[in-house]
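Enquirer: Build me a structure from this.
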Amino acid sequence: MKMFRVASFATLVLALLAAPGADATFHVEKANVVVRLPAEIAGSYEMAISNFGSPIYGATLSGKLMYPPDDQDACYPFETWTAPKAPGQGASVVVLDRGNCAFTKKALHAQNAGADAVIIVDNVNEDLVTMDASSDDASVAEASNITVPVGLVTKATGDLFEPILEQQRTILVTLNWTDVLPHPDARVEWELWSNSGDNCGAKCDAQKGFIRDFASAAKTLEQGGYTQFTPHYVTWLCPPEAVHEDFCVKQCINNGRYCCPDPDDDFDAGYSGADVVEQNLRTLCVFREANNTAQPWKWWDYVTEFESKCTMALGTFNDVSCAEAILVSLSLDVDAVRDCVGDPSADTQNAVLEFEQMSQLDDGQRGDITILPTVVINERQYRGKLTREAVLRTLCAGFGEGSLPELCSSEGAFDNKCGEDNEGALDCLKDQFGTGMTGCEVTNETPFYQCVCPPGSKLVGEKCEVTNGCVAAVVDTPACSCERCVCRDKGAGRIDCHEEPASVCDSADEHPGGCWRDGAFSACVDQIDLKKSTGMAGGDPETVQASTCACPPGFEGDGLRCADVDECATTCKGEHMTCENTFGGFKCSCDSGYGRMEDASSPDGMTCLRGGGGFGAGTVVTAVAASCAVVAGGGYLVYRWRLRSYMNQEIKAIMAQYMPLEDGDAAPGAFAPNGHGESDDEEAMNDVYDGSSKKTTTRFGARQSRLFSRQT
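Expert: Sure thing, here's the model as predicted:
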């Protein structure tokens, strides 16, 4: 069945490529590597911009090419080599070889070694290609952490560079992105090609995050007339001879004319590709209606609301009433959107989707749209990270001289003030006004962030109140309180609890979760607790990976490979100690003739003392107990003498209330055993006079306690 589904997907793609007018090719976006030194290779060489990293659109970067002495494919982290920066020679541009591992892994390892930019040399003789991140979660995570520009040069170009670098000669270059984007007029036209499905893993999550974070900037630019934005969605055509096959029926609408892959690759369960196409169409119709009302920016309001309320996880993705409730809240014409969508089951063309299928083909300038998501700016496909900061910088680079909007003129607008450990996030966490607004939201005006109620809470009056139903459910609801149960708050008093599958880390696989394992030691870390805490904090547990890789204590590495740590190099350094390194640990023992005694004040947690078999915790406790017994025996004798003397004084004070004492020294009011004068004498008298033996006993007991506490 799996092979059949892969074939069905390929059939859809081939059908698209075989469509009329589909003879255009994928367009590779290029920058230039300008060599300034040495003279024998000076000149300009083309470099394909990768679909990850951060190309510096509209700018240049000058520096020196660096080639690692070994591990030139950078498939593993560099252990000792770093990319040095020589004074006066600018940035460090690291050159790597293609092959043996993912592009993202190479670039990330070079960046971690100090690279300011990365150039990968092709290993086959071919035209330039665009490097992209794989769709697996590990590659997507690597791509999200790459912040430097990354490009690919041909094997022929690399054959010029690398021999000179191997001779340790200097190559000075300038990477140039200034001519990548054209500047046809004062307005930047841009497109976002995406998909409304939200159940495709890390890429879907990144796309949703971008739309949410970029909405405010997009609306500001659109409302100011600085940009013209158009959303697009990719669909495929089912071959006419297969329109009645299951893979077309479940993935297409309008009798196989417009198709999308099944989001979970299961034709018999969950949402279908047809559901995704229909929602794509509805979202396009929303943009069309918003445009007709001269408020195209309302599309951003719609999609952000939809991705919050009408999701596959909530079971409302294909609920038309959920989408139409948002339209009503935005004052958009529901009937007009319905008419635009039409009847998805009808054997007819849909004008909106027909236009989309034609638009995704090369128009002679930007190439075919084959990668999702894709941003197109001034008829050029954007290559780089899909983040607010990176896309905004590129949009601003698309404006001609003298037409730059105010949003592009403030450097603070490009920074994610709400990023972890950034200014806005830290400021909001202080909650200086005590309102509970510890969440952070990016804005387009100084200081470019505002404090809001965190997820799982809302503003009630002047303070944030927790509204996450999972907080109570994990206690009151059995389905939410099992060992591997996770809970998600759906809002409006609704929750969703389910039990996660058994941890992959407990499997007998050689590499559980793709992580390192050696015998009883494994780098696989079950993230069930993080999933639970994410749900309790108001987030979606499904956004958390089931497991991650991290070397266990006693080992070091990236989790994919781990090496034993020699603890003896840094610990067990006390006098008369011997250290033995073991696999994943160590043994610290005392030399012959010395005994071990636990010592929390010692860096090693122990001390070696001269004497036989050692001093364990039991020995120390026994010794301390014996000492206490001796001290307590003497203390008890002193205590009894003090108590008898004290009671004699107390009785004399009571009796003095009824008869004069012979020595005349203890007149009424003169005795104040606790230093509070006459009031305590009256209390003592009342205790006895009322016949309250309990009070008297309590009072004596309290004084005994105070006396004994001072003694100890």
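Enquirer: In the helix or strand where S44 lies, which residues are buried?
Expert: Using DSSP states H and E, S44 falls within strand 43-49. Neighbour-count burial for strand 43-49 flags Y45, E46, M47, A48, I49 (criterion: 16 or more other Cβ atoms under 10 Å). All C-beta atoms are positioned from the backbone trio N, CA, C, and that covers glycine.
Enquirer: With stretch 68-86 instead?
Expert: In stretch 68-86, counting by 16+ other Cβ under 10 Å, buried: P68, Q72, D73, A74, P77, F78, A83.
Enquirer: Which one of the buried residues of strand 43-49 is nearest to W300?
Expert: When those are compared for distance to W300 (Cβ to Cβ), I49 wins out at 26.6 Å.
Enquirer: Give me the phi and psi angles of the closest residue to that closest one other than its chain neighbours.
Expert: Nearest residue to I49, sequence neighbours excluded (Cβ to Cβ, 6 or more residues apart in numbering): R383, at 3.9 Å. Dihedral pair for R383: phi -120, psi 130, per degrees, to the nearest 10.
Enquirer: Let me know how buried R383 is, in neighbour terms.
Expert: If you count neighbours by other Cβ atoms under 10 Å, R383 ends up with 30.
Enquirer: how much space between it and P501?
Expert: 37 Å (Cβ to Cβ, to the nearest Å).
Enquirer: Tell me who's in contact with the residue nearest the centre of the chain.
Expert: Closest residue to the average C-alpha location of the chain: V544 at 8.4 Å, with Cα atoms, centre = their mean. Residues in contact with V544 (Cβ atoms under 8 Å, 6 or more residues apart in numbering) are Q527, L530, K531, T534.
Enquirer: again with C487
Expert: By Cβ under 8 Å, 6+ apart, the residues touching C487 are C470, A473, V474, C480, I495, D496, C497, K532, G535, M536, P541.
Enquirer: Could you do A141 as well?
Expert: By Cβ under 8 Å, 6+ apart, the residues touching A141 are A202.
Enquirer: Can you tell me what sits against the helix or strand that contains S62?
Expert: Using DSSP H and E, the element containing S62 is strand 60-66. The contact list for strand 60-66 (Cβ under 8 Å, 6+ apart) reads 83-86, 89-95, 115-117, 119, 149, 161, 165, 170-178.
Enquirer: Show the buried residues in those.
Expert: Of the contacts of strand 60-66, these count as buried by 16+ other Cβ under 10 Å: 83, 90-95, 115-117, 119, 149, 161, 165, 171-177.
Enquirer: Most neighbours among the contacts of C487, which one?
Expert: With neighbours taken as other Cβ under 10 Å, the top of the contacts of C487 is G535, carrying 28 neighbours.
Enquirer: Please, which helix or strand holds that one?
Expert: Taking DSSP H and E as the definition, G535 sits inside helix 528-536.
Enquirer: Mind giving me the packing neighbours of that helix?
Expert: Helices and strands touching helix 528-536, by 3 or more Cβ pairs under 8 Å, 6 or more residues apart in numbering; DSSP states H and E, are helix 470-476, strand 485-491.
Enquirer: Direction-wise, compare it with strand 485-491 and give the angle.
Expert: Here helix 528-536 runs at an angle of 20 degrees relative to strand 485-491 (axes from the mean of the first three to the mean of the last three Cα atoms, to 10 degrees).
Enquirer: Please narrow the contacts of strand 60-66 to those residing in helices.
Expert: Per DSSP state H, helices hold the following members of the contacts of strand 60-66: F161, L165.
Enquirer: For the closest residue to G90 other than its chain neighbours, which residues count as its bridge partners?
Expert: Excluding the flanking residues, the one nearest G90 by Cβ to Cβ, 6+ apart is G63, at 3.8 Å. Note on G63: beta-bridge partners by DSSP bridges are A91, V173.
Enquirer: Give the residue spans of this structure that score low on pLDDT.
Expert: Residue ranges of the chain with pLDDT under 70: 1-26, 411-412, 456, 467, 472-473, 475-479, 491-494, 612-712.
Enquirer: Out of the buried residues of stretch 68-86, which comes closest to G593?
Expert: Nearest to G593, judged by Cβ to Cβ, of the buried residues of stretch 68-86 is P77 at 45.4 Å.
Enquirer: so the closest one is in which element?
Expert: Using DSSP H and E, P77 sits within no helix or strand.
Enquirer: ok, it touching H109?
Expert: Yes: with contact defined as Cβ atoms under 8 Å, P77 counts as touching H109 (5.2 Å).
Enquirer: Does the residue nearest to Y382 when sequence neighbours are not counted belong to a helix, a strand or coil?
Expert: With sequence-adjacent residues excluded and distances taken as Cβ to Cβ, 6+ apart, Y382 is closest to V375, at 3.9 Å. Following DSSP: H, G, I helix; E, B strand; the rest coil, we place V375 in the strand state.
Enquirer: Quick check: beta-bridge partners of V375?
Expert: Here V375, judged by DSSP bridges, has bridge partners L192.
Enquirer: That one contacts A390, correct?
Expert: No: V375 is beyond contact range of A390, at 9.5 Å (criterion: Cβ under 8 Å).
Enquirer: Contacts only, for I326.
Expert: I326 touches Y302, E305, F306, K309, C310, counting by Cβ under 8 Å, 6+ apart.
Enquirer: contacting residues around the second one?
Expert: Taking Cβ under 8 Å, 6+ apart as the criterion, E305 is in contact with I326, S329.
Enquirer: how far away is it from A206?
Expert: Computed as Cβ to Cβ, the E305 to A206 distance reads 19 Å.
Enquirer: could you say which helix or strand contains A74?
Expert: With DSSP H and E as the test, A74 turns up in no helix or strand.
Enquirer: Which residue ranges of the stretch 451-600 of the chain form strands?
Expert: For the stretch 451-600 of the chain, the strands defined by DSSP state E, counting those that start in this stretch cover 457-460, 463-466, 485-491, 494-499, 517-518, 521-522, 524-526, 547-549, 555-557, 562-564, 577-582, 585-590, 594-598.
Enquirer: Mind giving me the packing neighbours of the first one?
Expert: Under the contact criterion of 3+ Cβ pairs under 8 Å, 6+ apart, the helices and strands touching strand 457-460 comprise strand 463-466.
Enquirer: buried ones in the strand it packs on?
Expert: C464, V466.
Enquirer: Just give me how far it sits from the chain centre.
Expert: Mean-position distance between strand 463-466 and its chain equals 24 Å (Cα atoms, centre = their mean, to the nearest Å).
Enquirer: Can you list the neighbours in contact with that strand?
Expert: Outside strand 463-466, the residues that touch it by Cβ under 8 Å, 6+ apart are G434, T435, G436, M437, T438, C453, P454, G456, S457, K458, L459.
Enquirer: which of those residues count as buried?
Expert: Buried members of the contacts of strand 463-466, counted by 16+ other Cβ under 10 Å: G436, M437, T438, C453, P454, G456, S457.
Enquirer: by how many degrees do the helix holding G535 and strand 494-499 diverge?
Expert: Using the same axes, to 10 degrees: helix 528-536 against strand 494-499 is 170 degrees.
Enquirer: Show me how far helix 528-536 is from its chain's centre.
Expert: Counting by Cα atoms, centre = their mean, helix 528-536 comes out at 13 Å from the chain centroid.
Enquirer: Likewise for stretch 360-371?
Expert: That offset, for stretch 360-371, works out to 33 Å (Cα atoms, centre = their mean).
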